[in-house]
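Student: Provided below are the primary sequence and the corresponding predicted coordinates.
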Amino acid sequence: MNLERDSNLFLFLGSGFVAWFYSSITYLGIKDVQVYALLFIFLVSMVAGFLKTLALKEEIGVFVCTELLSKTLMLSIPFVFALEAKILEAFKFFVDYSFAFLTLGEILAIMINIQSIKTRTPIKELDIYNLAIKKVQGFVLRHLRFEGKHNEKEREKENE
């Protein structure tokens, strides 16, 4: 393997993704500030979730897979509304509401993670988008066949 070739490929693909992402934001008419704020809140939430994973001695691989999947799915929600708003102007207000809803939900998730770290006990999140994302995560985890403590804990919770 040639490290220079791989690095250049990574940089090329990364630059293409960033260009596509910003082009999408501009085309869809989404405010940059909303995207930056949501991405920052996602980053803080991921750090808090990672610290909770370490504090509760859960599997890091499962956390990384599920967290990246959930954040990607959540970030796609406002983009879907923005795409609909390009077709029908009536959906414009859904874009702002979806950013606000996701930001508040992630702030709640950060607070739950901090409380979970302090008490060293898992606390269940009960908002609508997290319930839907948990279903998708369970589907992905079943098909990727992650084994270990996470699946055993989930099975025990389902049996109770």
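Tutor: Perfect, I can see it now. Numbering: from 1, shown residues only.

Student: dihedrals phi and psi, the residue nearest the centre of the chain?
Tutor: In the chain, the residue lying closest to the centroid (Cα atoms, centre = their mean) is residue 71, at 1.1 Å. Main-chain dihedrals, residue 71, degrees, to the nearest 10: phi -70, psi -40.

Student: residues in contact with the closest residue to it other than its chain neighbours?
Tutor: Counting by Cβ to Cβ, 6 or more residues apart in numbering, the nearest residue to residue 71 once its immediate chain neighbours are dropped is residue 42, at 5.1 Å. For the C-beta atoms, the positions are set from N, CA and C on the backbone; glycine is no exception. Contacts of residue 42 were listed using Cβ atoms under 8 Å, 6 or more residues apart in numbering, and they are 71, 74-75, 106.

Student: one step back: how close does the residue nearest to the centre of the chain get to residue 98?
Tutor: 14 Å (Cβ to Cβ, to the nearest Å).

Student: looking at this structure, which helix or strand is least sure?
Tutor: None of the helices or strands of the chain scores lower by mean pLDDT, DSSP states H and E than helix 149-159, at a mean of 56.

Student: if we can go back for a sec, quick one: the residue nearest to the centre of the chain and residue 46 touch, right?
Tutor: Yes - taking Cβ atoms under 8 Å as the definition, residue 71 is a contact partner of residue 46 at 6.9 Å.
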